[in-house]
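**Q** pasting the sequence and the predicted model now:
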Amino acid sequence: MTHDDITADTVSGPGGKPPGPSAVRPATVDADADAESTGRDTAPSPADAALPPELAPAALALFGDRLDLAAAYAELLATDGVVRGLIGPREAPRIWDRHLLNCAAVAERIPSGATVLDVGSGAGLPGLVLAIARPDLTVTLIEPLARRTSFLIEVVERLGLARSVRVFRGRADEAASGSSGREPISGDVVTARAVAPLDRLAGWSLPLAVRGGRLLALKGSSAAAEIEEHAEVVARLGGGEPTVQLCGVGVIDPPTTVVEIVRERMVGPARPAAKKRARGGRSRRG
Ligand SMILES: C[S@@+](CC[C@H](N)C(=O)[O-])C[C@H]1O[C@@H](n2cnc3c(N)ncnc32)[C@H](O)[C@@H]1O
């Protein structure tokens, strides 16, 4: 089996431009773009993942007694994640504010004991962070790229999260409909960061939510404009009125901006066009 052959089925138990804390310039974890823009060839060091003292109160508030686990994940991202091209070298020193704390703040919108599906997890953001911050959650990381899912699988094992976190290798639509003999999956909450514009994201994500469940899309400064542009499509997909939620107010600065959409109606996939009928009202193929 090659590296690229690893599928979700081999896993037990359970990477655009992610919106960072900057309301103006979104953060990115795109390693290739980062390396190109800096021209740097930085050797990763665990020290890059050290929690900055000024962020310690926020980290403690968001991770509580799971702070050590969050620190272990930060170190894996800043070392293996950089070496394997999942995180740009420039992201390593800002892993806590732009990524871990930014994602963990969203936990306040997730009910106790919820099942969470994270679409386009990349290196585990935000799904893995939520699983670390909230041991009561059951989280599935949905990611089509083998290089990313193999990293996720290893991190889940190394952090001892296999009981609450599962990795699904595939696209969101494959997860929703079931494919390759896999059962369709659904959850109370669907999360996504830096995956697609709101219309496409809603098309992929709402079918994954149970009725009354919700999509939490981490969107940064584009949130209001995206809602205005795509509200009609969202409604056609069965979504309620999208709202903008600020998470982590008073804990992180700036708070995380999330577009929240409740799945109000179950809308099926588009039906194929009706067959043309021959004269006399009968289908041409009989
Ligand atoms: C820019 S990365 C963001 C990764 C991560 N969410 C973050 O914030 O760092 C976008 C990710 O979405 C994944 N992706 C793209 N299309 C997808 C789809 N249809 N279903 C699930 N994941 C998808 C890509 O493979 C990639 O890992």
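**A** Good, I have the coordinates.
**Q** what about V210, is that helix, strand or coil?
**A** strand (DSSP: H, G, I helix; E, B strand; the rest coil).
**Q** hmm, E264 and G240 touching each other?
**A** Yes: using C-beta atoms under 8 Å, G240 is in contact with E264, at 4.4 Å. In short, each C-beta sits where N, CA and C put it, glycine included.
**Q** what is the helix or strand where V189 lies packed up against?
**A** Under the criterion of DSSP states H and E, V189 resides in strand 187-193. Here strand 187-193 touches strand 115-119, helix 198-205, strand 209-218, going by 3 or more C-beta pairs under 8 Å, 6 or more residues apart in numbering; DSSP states H and E.
**Q** what about the first one and the ligand, any contact?
**A** Yes: interface with the ligand: strand 115-119 contributes V119 (C-beta under 6 Å from any ligand atom).
**Q** what strands line up against that strand, and which way round?
**A** strand 138-143 (parallel), strand 187-193 (parallel) (DSSP bridges).
**Q** which one of the ones you listed lies closest to the ligand?
**A** Of all the strands paired with strand 115-119, strand 187-193 sits nearest to the ligand, with 3.6 Å by C-beta to the nearest ligand atom.
**Q** how about the closest one: buried residues?
**A** By neighbour count with 16 or more other C-beta atoms under 10 Å, strand 187-193 contains the buried residues G187, D188, V189, V190, T191, A192, R193.
**Q** I'd say the second one and L215 touch.
**A** So the one you mean is D188. No: at 11.1 Å, D188 does not count as touching L215 under the criterion of C-beta under 8 Å.
**Q** overlap in contacts, the two.
**A** By C-beta atoms under 8 Å, 6 or more residues apart in numbering, D188 and L215 have these common neighbours: A209.
**Q** can you tell me which residues in the stretch 51-200 of the chain are near the ligand?
**A** So far as C-beta under 6 Å from any ligand atom goes, the stretch 51-200 of the chain lies against the ligand at 119-122, 125, 142-145, 148, 171-172, 193-195.
**Q** now with 8 Å?
**A** By C-beta under 8 Å from any ligand atom, the residues of the stretch 51-200 of the chain that approach the ligand are 99, 103, 118-127, 142-145, 148, 170-175, 192-196.
**Q** narrow these to those in helices?
**A** Within those, residues falling in helices by DSSP state H are C103, G127, R148, A172, D173, E174, A175.
**Q** format those residues as TSV; extra columns: neighbour count and pLDDT.
**A** Output for those, formatted as TSV (neighbours: other C-beta atoms under 10 Å; pLDDT from 0 to 100):
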residue	neighbour count	pLDDT
C103	27	98
G127	29	98
R148	22	98
A172	27	98
D173	15	96
E174	19	96
A175	28	97
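**Q** out of the helices and strands packed on strand 187-193, which one sits most buried?
**A** For these, the largest average neighbour count (mean count of other C-beta atoms under 10 Å) is found in strand 115-119, namely a mean of 27.
**Q** just the angle for that strand relative to strand 209-218, thanks.
**A** For strand 115-119 against strand 209-218, the angle by axes from the mean of the first three to the mean of the last three C-alpha atoms, to 10 degrees is 50 degrees.
**Q** possible to save the strands paired with strand 115-119 as JSON lines with mean pLDDT?
**A** Compiled in JSON lines, the strands paired with strand 115-119 are given as follows (pLDDT from 0 to 100):
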{"stretch": "strand 138-143", "mean pLDDT": "98"}
{"stretch": "strand 187-193", "mean pLDDT": "98"}
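**Q** which of those sits closest to R94?
**A** Closest to R94 of the strands paired with strand 115-119 is strand 187-193 (C-beta to C-beta; 15.2 Å).
**Q** OK, contacts around the spatially most central residue of the chain?
**A** Taking C-alpha atoms, centre = their mean as the criterion, A192 is the residue nearest the geometric centre of the chain, at 3.5 Å. A192 makes contacts with D118, V119, G120, L201, S205, L215, L216, A217, L218, as judged by C-beta under 8 Å, 6+ apart.
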